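[1] How does the following fold in three dimensions:
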Amino acid sequence: MEKDLGDYRKSYEKGELLLEDVPENPMELFQKWFYEVDSFFAEDETNAMTLSTIGHDGFPKNRVVLLKKYTFEGFIFYTNYTSEKGKSIEANPNVCLSFFWHGAERQIIIKGKAEKIPANLSDGYFESRPRGSQLGALASNQSEIIFDRKELENKLSALEKAFEGKEISRPDTWGGYIVKPVELEFWQGRPNRLHDRIRYRIQDDFNWQIHRLSP
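    Here you go, the predicted structure:
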């Protein structure tokens, strides 16, 4: 018999988020939350985030990518520029990032504009990657149709032989994006579904407008 999902229940009781306690800049709160989750809660990959883009077909699409750096300017991740998400960003740089940390009962939703980071920064990160990951970036024409997995494995084997004893340069089709936020919403689970929601929106003077939202 199928389970009745309507009976699934969870009480959120691990924290609170009060308007009077939040900083003026949302990146300070992001940094605080990220540190707390990474240090005190059992998350497999604290830096795993969902990236949402609008495709050429007009539909939104979500996928999980890894946050590799964050600054007061924005959030940086790396991918193939010619992948489906890369093409979507090229056509429409308005994207959404979201983090859900179930252990801490916290969620962050970020709206922003994605743009490529300078090539030298992508070069530096590519050089820091394990050799297998570097070769994988060369082997995969991300999002393109392939006949079977063997095709991919054969290409990787050929690249391993071709680059044996050689340095691997970053392909032009692979690199980083920074998502510069225009809005961040912080969600803290609370009992009785009366969750705390604090929203930051960037203003024309580059200050942040802060509001508490009804759950």
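
[2] From now on I want contacts and neighbour counts done on CA atoms only, so please keep to that.
    Fine.

[3] could you list every residue that touches Ile146?
    Taking C-alpha atoms under 8 Å, 6 or more residues apart in numbering, we find Ile146 in contact with Leu152.

[4] which other helices and strands contact the helix-or-strand element of the chain with minimal mean pLDDT?
    Least confident helix or strand, the chain: helix 149-162 with a mean of 89, by mean pLDDT, DSSP states H and E. Packing contacts for helix 149-162, counted by 3 or more C-alpha pairs under 8 Å, 6 or more residues apart in numbering; DSSP states H and E, involve helix 131-139.

[5] Mean confidence (pLDDT) on the host helix or strand of Arg63, please.
    Using DSSP states H and E, the element containing Arg63 is strand 60-66. The pLDDT scores in strand 60-66 average 98.

[6] Would you agree Pro191 is in contact with Ser11?
    Yes - between Pro191 and Ser11 there is a contact under C-alpha atoms under 8 Å: 5.5 Å.

[7] could you pull out the helices for this structure?
    Shown for the chain, the helices assigned by DSSP state H span residues 26-40, 84-91, 119-128, 131-139, 149-162.

[8] State the distance from Gly189 to Val37.
    Separation of Gly189 from Val37 (C-alpha to C-alpha, to the nearest Å): 14 Å.

[9] The two - which one has more neighbours?
    Between Gly189 and Val37, Gly189 has the larger neighbour count (other C-alpha atoms under 10 Å), namely 23 against 19.

[10] How about Asn92, nearest residue that isn't a chain neighbour?
    Excluding the flanking residues, the one nearest Asn92 by C-alpha to C-alpha, 6 or more residues apart in numbering is Ile54, at 6.9 Å.

[11] thought the one you found was touching Glu90?
    No - with contact defined as C-alpha under 8 Å, Ile54 does not count as touching Glu90 (10.4 Å).

[12] So which of the two has more stuff around it?
    Each of Ile54 and Glu90 has its neighbours counted (other C-alpha under 10 Å); Ile54 has more, 20 against 15.

[13] low-scoring stretches of the protein, by residue?
    Scanning the chain for pLDDT under 70 picks out 1.

[14] tell me the centre residue of the chain?
    Taking C-alpha atoms, centre = their mean, the centroid of the chain lies closest to Met49, which sits 3.6 Å from it.

[15] The nearest residue to it once chain neighbours are set aside - how many residues pack around it?
    Computed as C-alpha to C-alpha, 6+ apart, the closest residue to Met49 that is not its neighbour in sequence is Phe99, at 4.9 Å. Around Phe99 there are 20 other residues, counting by other C-alpha under 10 Å.

[16] Much appreciated, bye for now.
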